[in-house]
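*Asks:* A structural model of the following input is requested.
(chains A and B)
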Amino acid sequence: MTTRLVTSALPYANGSIHLGHMVEHVQTDVYVRYLRSIGDDVTWICAADAHGTPIEVNAGKAGVPPAQFAEAHRQEQHRTFQAFGIAHDTYYTTDSPENRAWAYRIYDALKARGLIHKRSVEQLYCEHDQRFLPDRFVKGTCPKCATPEQYGDVCEKCGTTYDPRELKDPACVLCMRPPVVRSSDHAYVNLRRPEVAAIIQGWVEAEGHLEPAVRQQVKGWLADLQDWCITRDAPYFGFPVNDADFPGKFLYVWLDAPIGYLSSGEHYFAAEAPPERRLTPEAYRARYLDEGAPARLEHVIGKDILRFHAVFWPAMLWAAGLKRPDRMVVHGHLTVNGEKMSKSRGTFINASTYLESGLDPELLRYFFAANLSAGPSDLDLSLEEFRNRINADLANNVANLASRVAALLQRATGPVGSAAPDPEVVSAVREALPLARRAYGELQLREVVRLVSQLASVCNRRVQESKPWENPTGPAEQAVLYAIAKALGALALMLQPILPRFAAALANAYGLPLPTWTEWLDPFDGQPVAVREKPPQIARLDQKQVEKLITSSAEAPKPAKVAKGASPAEGAGKATAKPAAEPPVFGVIQYEDFARVELRVGAVLSAARVEKADKLLQLSVDVGEPAPRTIVAGIAQAYPEPAALVGKRIVVVANLAPRPLRGITSQGMLLAAGEPPNLQLVTVGEAIAPGTRVK
RNA sequence: GGUGAGGUAGCUCAGUCGGCUAGAGCGGGGGUCUCAUAAUCCCCAGGUCGGGAGUUCGAUUCUCCCCCUCACCA
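*Replies:* As a prediction, this is how the structure comes out:
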């Protein structure tokens, strides 16, 4: 048994949880549940990241104190996670007394090692708002390509990165007034000192800490280690620097955020843990944090914050006499329908939107798991793939297997056993369990899901081949059914970290307990099985259900917020990804975009001019519905004899929002090519019935 | 421009420490059973493994060059 402290990155307490956050927390939750299923002692620490300029500014806009603002978001975030079955042991905050003490402890340790020095920095300053302006708080014209309205760090048009002082016509985003250049003294950590660089490099290169691809990335950074600025000017929401050398300064949010892992753990063990798990802060440190502590420290993060975690963080821990992480799992970003999440396209999906759509949270957990590997590659939530994946894997394969076998077993009079369970099923189970166990340990969740499907397919095939419905009580048939019932127990065990509710219900339906997953676990224990209740069902998804995710996201625009990532002029790195550039209106669209347009064949029943309008015709069109539709179209100039249109088969946009034209509500739109008077309606032959979908 | 990661069937990906007819799932096409959620099961993809050159008896897998995508950085 291994004792572990696992963390996931701390969501910023500036907004709601979206599906991008969910990737990370699902991945971590699955990992933690797996570790517990093999008997490890795991504590999962998370918290809300409560400090920094954006929270200070947005709280000010909302008219509440920053602490209150962050706390409200923290609570909401915590509730959202719980609704997805994400079971952090604690979801604390970085704005805590414990974190303050830890931040000072680490600052003091850096100082005591002589790693902190003072440097004067020139930055843009807004005299009206009386604040230094982080990169994202300045907008101006790109010095290279002259695109207006660019932030202070990078031009979205030409990709050039620059110093905010280089911007032409810079303006403070808060008041739009031009800023001035002013200098300020800041604390920097010197990471180039040989003893520090050696620590970082040693940590990066050691086996097991990082995936090879990630390690390569980090090694590239090590060649050019920059000093790291760890203070910010007032006004700021954070901890004041506890050092007379830097009066009036605050600790940078990125210093105290990862420290939040340590302090939230301390709070958990001291105040939140069940009584038998309580630890004093001293005992907690000795067991989990100190150099040489027996427990493993493992972080799950997104690739956007890798630099902080893989370069700065080991140095900070070392300076304070604490152990470095034993493993850092780095995942990629979520895209939706192949693009970066975008609010204007409806692909910026909040976790709450998913919940409101009525979709089971476990389905999303499954989809993410089915597409996650241990590496940092991005993961795409294509609605089409989501639906196919759920329907094919869960509904048709696994859940249907449980359902059909339960029905067959219930035809027997009592519990079913077999001295010779179907050998093909038996060997499939014995093969799958250790492979799945290894895949979980390597965080190859995609592989786990593949193994589950493969095993369920073998079972379905054996049912098909042995036709137990013809003689349900025959020994050969029972050998198959019994073996599959046990296989379903194995499937429940394999799926339990991903689908905890479904797996528990499945095992329970067959009266099979979910055991601790030992390496030698063999489910064929000879115990007969009896179905206790109907196995859990998974309803097939249709397109409409899934599309709700995007349509309801599009209808709920969120007020613009200032994103975290506020770095001062020295370019310490960005905390969050840049906002996605909005795609052009006539860009390439995805199939789903096209599929949202419902084109149908319509038969023209009547056509007449609209009074007092020289361009409009009013048509009555049969699109295969009980009542014909009234459609008003601007085609009168092209069709001076409206009656000639009667009987034609035209193409209608059937799901366009109704719109009144000259007092008549038009219930659709016709497809036509050209400009009046040289315009023709798009028609199809009479062999195609009204109502036929055009695609 | 530098660094890193990629470019394999319509889609998502696996794989080859160089070698028999390059794989899986999904989607699509055809057939089948009826225990089960219109579920299952069977058959069907002829993909220049980004392009070019080299090493080799043999390269998709190694080397070099080039093109493209993504990320980070200057």
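*Asks:* check whether stretch A:461-479 contacts RNA strand B.
*Replies:* Yes: interface with RNA strand B: stretch A:461-479 contributes A:461, A:463, A:464, A:465, A:467, A:469 (Cβ under 7 Å from any atom of the strand). Every C-beta, even on glycine, is put in place using the N, C-alpha and C of the backbone.
*Asks:* and those residues as TSV, adding secondary structure, pLDDT and neighbour count?
*Replies:* TSV is the format used below for these (DSSP: H, G, I helix; E, B strand; the rest coil; pLDDT from 0 to 100; neighbours: other Cβ atoms under 10 Å):
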residue	secondary structure	pLDDT	neighbour count
A:461	helix	95	13
A:463	helix	95	21
A:464	helix	94	10
A:465	helix	93	11
A:467	coil	94	12
A:469	coil	93	12
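*Asks:* Redo those residues as CSV? Include distance to residue A:689.
*Replies:* Supplementary listing: the residues of stretch A:461-479 next to RNA strand B in CSV, determined by distance: Cβ to Cβ, whole Å:
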residue, distance to residue A:689
A:461, 40
A:463, 40
A:464, 38
A:465, 42
A:467, 41
A:469, 40
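*Asks:* Of those, which pair is most distant in space?
*Replies:* The two members of the residues of stretch A:461-479 next to RNA strand B with the most space between them (Cβ to Cβ) are A:461 and A:469, at 15.1 Å.
*Asks:* Tell me if I'm right that residue A:434 and residue A:518 touch.
*Replies:* No: under the criterion of Cβ atoms under 8 Å, residue A:434 makes no contact with residue A:518, lying 10.3 Å away.
*Asks:* Distance check, residue A:137 against RNA strand B.
*Replies:* In this structure, residue A:137 lies at 18 Å from RNA strand B, with Cβ to the nearest atom of the strand, to the nearest Å as the measure.
*Asks:* Name the nearest residue to that residue, sequence neighbours excluded.
*Replies:* In this structure, residue A:137 finds its nearest non-sequential neighbour in residue A:173, 5.1 Å apart by Cβ to Cβ, 6 or more residues apart in numbering.
*Asks:* can you tell me how far the one you found sits from residue A:448?
*Replies:* Remark: distance between residue A:173 and residue A:448 (Cβ to Cβ, to the nearest Å) = 45 Å.
*Asks:* Tell me how many other residues surround the residue of the stretch 251-400 of chain A at minimum distance from RNA strand B.
*Replies:* When distances are taken as Cβ to the nearest atom of the strand, the stretch 251-400 of chain A approaches RNA strand B most closely through residue A:399, which lies 2.5 Å from it. Under the neighbour criterion other Cβ atoms under 10 Å, residue A:399 is assigned a count of 20.
*Asks:* so the residue nearest to it when sequence neighbours are not counted, which of the three states?
*Replies:* Closest residue in space to residue A:399, ignoring its immediate chain neighbours: residue A:538 at 4.2 Å, by Cβ to Cβ, 6+ apart. Three-state secondary structure (criterion: DSSP: H, G, I helix; E, B strand; the rest coil) places residue A:538 in coil.
*Asks:* low pLDDT regions in the stretch 451-600 of chain A?
*Replies:* A:554-598 (pLDDT under 70).
*Asks:* lowest-pLDDT helix or strand in chain A?
*Replies:* Taking mean pLDDT, DSSP states H and E as the measure, helix A:591-595 is the helix or strand of chain A with the lowest mean score, a mean of 46.
*Asks:* next helix or strand past that one?
*Replies:* Moving toward the C-terminus from helix A:591-595, the first helix or strand encountered (DSSP states H and E) is strand A:599-609.
*Asks:* care to break chain A down by domain?
*Replies:* A:3-105+A:254-331, A:114-195+A:211-250, A:353-509, A:591-694 (automatic domain parsing).
*Asks:* quick one: terminal-to-terminal distance for the first one?
*Replies:* Read that as domain A:3-105+A:254-331. 23 Å (Cα to Cα, to the nearest Å).
*Asks:* Confidence-wise, which of the domains of chain A is weakest overall?
*Replies:* If you rank those by mean pLDDT, domain A:591-694 sits at the bottom with a mean of 66.
*Asks:* Lovely, talk soon.
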